[in-house]
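> fold the following and give me the result.
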Amino acid sequence: MSGTSTTIDDVAERSASGTSPHGPRVAVAAPRESARDHGSATHERFAARLDEALAATQTALDEHLTRGTARASTGGRPVTDLWTDLADQVGGKLVRPRLTLAAYLGLGGRDLREVAPVAAAQELLHTAMLVHDDLLDHDETRRGRSNLAGATRSRLAEAGIDDSRADVHVQAAALLGGDLAIAGAFELVLSSTAGPGEKLAVAGQLVRAVQVAVAGEVLDVSGPLLAPSDVDPELVAELKTATYTCVVPLRSGAILAGADAATCALLETYGRALGVAFQLVDDLLGVFGDPRVTGKSTVSDLREGKRTLLLACAYRGAEPANVALLDQHVGRADLTEAGAAVVRAVMRRTAAPEAVRATVTRHLDEARAAAAELPAPLGPYLLDLADSFADRAA
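Take a look at the predicted model:
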């Protein structure tokens, strides 16, 4: 999950603004909303309220990080630097907070003092996941700029420390910075004005997010040690990506809004299906995408030997000669673009990309079916989001 790419955040922002990777989508979205008795005026009011809630969420994030940095000053410069570097990693399109806010507002919630800290907690938890994921992947940049580990190394280099001692401090900073972000997510939930029962339920969702994501990371990291047929890529996608990215944010907002069990179950289904679809498309773009558009290498996943559904489908459909080609090239740290082209050719011959797209369509259909049962304005909003992902998979 390292490196730079077109992310779920980008897609969510396009959906919220009525655009897609292929241009304006307003002409498509408007008649569908009308068919669901969700007029443009209602949509605009919901979008405006969502923007207001996002601003409140950003304020909650900023205030939390400012307070943390101020408290850290009592520990000296190294602690302050850690907080400063962590704060620099937080923020972006705020898609996870956006899902929490959409669920809350779309299900009748009104008090931003209840929901903004909880939405901010989703973003801080996401930051923790990114910091720890980069540590596992030995990456010191994200989206073309230094991440927490990279900022630490640069500071040490300026102080003349660039030997093995730097490695220890860089790894420690990433580990501890991610831990701070996880703790901060729970602190933000505690600061919500929601009732004790609701806050306890939301905290339980955060616990779930961490535990499930760890399970997904373990499977992802250990995957290259196993044969492609021995890995379940859809399970890895659900555990590593879908639960903390989509399911938990949606359910957190629904809990605060007082949603019933049936509504929460629909959001669970929607979030799981959408999150898995996103990860499968991301893996597809990691081999067949345009790096100028995605910002992601089309060789790195093959060098790593990442056990994706794309690779599994290629192995399942390959004749012995093609299996030998895959064995020869996949997982080689020195894989060249020419070698990657051989792998892509095998994948095309086995119709692996088409098989992945068919699986993505199945998951998106499941997400749409769940969203269609949700009330406006939440249901149409989530339908738009699923359609934006369909554009990305095309």
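> ok, the most centrally placed residue in the chain to R98 distance?
A centroid search over the chain (C-alpha atoms, centre = their mean) returns T245, at 4.8 Å, as the residue closest to the centre. The spacing between T245 and R98, counted by C-beta to C-beta, to the nearest Å, is 11 Å. Yep, even glycine has a C-beta here, placed from its N, CA and C like the rest.
> all strands for this structure, in order.
Counting by DSSP state E, the chain has strands at residues 19-20, 23-24, 141-142, 145-146.
> these: lowest mean pLDDT?
Out of the strands of the chain, strand 23-24 stands lowest, with a mean of 33 (criterion: mean pLDDT).
> what's the neighbour count on the closest residue in space to R368 that isn't next to it in sequence?
Nearest residue to R368 in three dimensions, chain neighbours excluded: A386, at 5.1 Å (C-beta to C-beta, 6 or more residues apart in numbering). Applying the criterion other C-beta atoms under 10 Å, we find 24 residues in the vicinity of A386.
> the chain should start at 324 in everything you say after this.
Will do, 324 is the new start, and the previous item becomes A709.
> quick one: P551 and L633 touch, right?
No - counting by C-beta atoms under 8 Å, no contact exists between P551 and L633, whose distance comes to 9.9 Å.
> so between these two, which is more surrounded?
L633 (26 against 22).
> please name the residues that touch that one.
D606, L607, V610, M670, A675, P676, V679 (C-beta atoms under 8 Å, 6 or more residues apart in numbering).
> quick check, pLDDT for it.
97.
> please apply the same query to K619.
The predicted local confidence for K619 is 78.
> just give me the neighbour total for it.
Other residues within reach of K619, judged by other C-beta under 10 Å, total 21.
> separation between E521 and L649?
Between E521 and L649 the distance is 50 Å, computed by C-beta to C-beta.
> kindly report the same for V454.
Applying C-beta to C-beta, one obtains 33 Å for the distance of V454 from L649.
> give the buried residues for the helix ranked longest in the chain.
Of all the segments assigned as helix in the chain under DSSP state H, the longest by residue count is helix 363-395. By neighbour count on 16 or more other C-beta atoms under 10 Å, the buried set for helix 363-395 is 366, 369, 372-373, 376-377, 379-381, 383-384, 387-388, 391-392, 395.
> stretch 584-597 now?
Along stretch 584-597, these residues count as buried under the neighbour rule (16+ other C-beta under 10 Å): T586, C587, L589, L590, E591, T592, Y593, G594, R595, A596, L597.
> tell me which of these is nearest to D624?
Out of the buried residues of stretch 584-597, the one with the shortest distance to D624 is L597. That distance is 21.5 Å, counting by C-beta to C-beta.
> please tell me how far the closest one sits from T564.
In this structure, L597 and T564 are 10 Å apart, going by C-beta to C-beta.
> those helices in the stretch 374-523 of the chain, which residues are they?
In the stretch 374-523 of the chain, the segments counted as helices under DSSP state H, counting those that start in this stretch are 400-412, 418-429, 435-460, 471-481, 487-513, 519-545.
> nearest to A663, out of the ones you listed?
Closest to A663 of the helices of the stretch 374-523 of the chain, according to C-beta to C-beta: helix 435-460, at 18.9 Å.
> now do that closest one, average pLDDT.
What helix 435-460 shows for mean pLDDT is 96.
> list the helices and strands it packs on?
Contact analysis of helix 435-460 by 3 or more C-beta pairs under 8 Å, 6 or more residues apart in numbering; DSSP states H and E lists helix 363-395, helix 400-412, helix 418-429, helix 471-481, helix 487-513, helix 519-545, helix 571-579 as its packing neighbours.
> which ones are touching the residue nearest to R691?
Contacts for A709 were tallied using C-beta under 8 Å, 6+ apart; they are Y593, L597, L687, A690, R691, A694.
> pLDDT weak spots in this structure?
Within the chain, the stretches falling below the threshold (pLDDT under 70) are 324-362, 715-717.
> hmm, 90 instead?
Scanning the chain with the threshold set as pLDDT under 90 gives 324-367, 414-416, 460-462, 464-468, 485-488, 552, 614-620, 711-717.
> list the contacts of T423.
If a contact means C-beta under 8 Å, 6+ apart, then T423 has V438, V441, A442, Q445, P572, L573, S575, G576 as its contacts.
> out of these, who's nearest E557?
For the contacts of T423, the nearest to E557 is L573 (19.4 Å; C-beta to C-beta).
> could you find the closest non-adjacent residue to the closest one?
Leaving out its chain neighbours, the residue that sits closest to L573 by C-beta to C-beta, 6+ apart is L590, at 4.3 Å.
> pretty sure the one you found sits against I578.
No - applying C-beta under 8 Å as the test, L590 and I578 come out as separate, 10.0 Å apart.
> the helices in the stretch 574-717 of the chain, which residues?
Under the criterion DSSP H, counting those that start in this stretch, the stretch 574-717 of the chain contains helices at 584-611, 614-617, 623-627, 632-640, 643-652, 660-672, 675-695, 701-716.
> I'd like those helices written out as TSV, with distance to V413 added.
Supplementary listing: the helices of the stretch 574-717 of the chain in TSV, determined by distance: least, C-beta to C-beta, whole Å:
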stretch	distance to V413
helix 584-611	21
helix 614-617	23
helix 623-627	25
helix 632-640	31
helix 643-652	39
helix 660-672	34
helix 675-695	28
helix 701-716	23
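> if we can go back for a sec, quick check: the residue nearest to the centre of the chain vs G483, distance?
With the distance defined as C-beta to C-beta, T568 ends up 40 Å from G483.
> same thing with L634?
The spacing between L634 and G483, counted by C-beta to C-beta, is 44 Å.
> ok, S514 next?
To G483, S514 is 41 Å away according to C-beta to C-beta.
> before we move on, what about S396?
For S396, the distance to G483 equals 25 Å [C-beta to C-beta].
> pull the number of nearby residues for E540.
Taking other C-beta under 10 Å as the neighbour definition, E540 ends up with a count of 18.
> these two touch, right, it and D456?
Yes - because the distance of 7.2 Å satisfies C-beta under 8 Å, E540 is recorded as touching D456.
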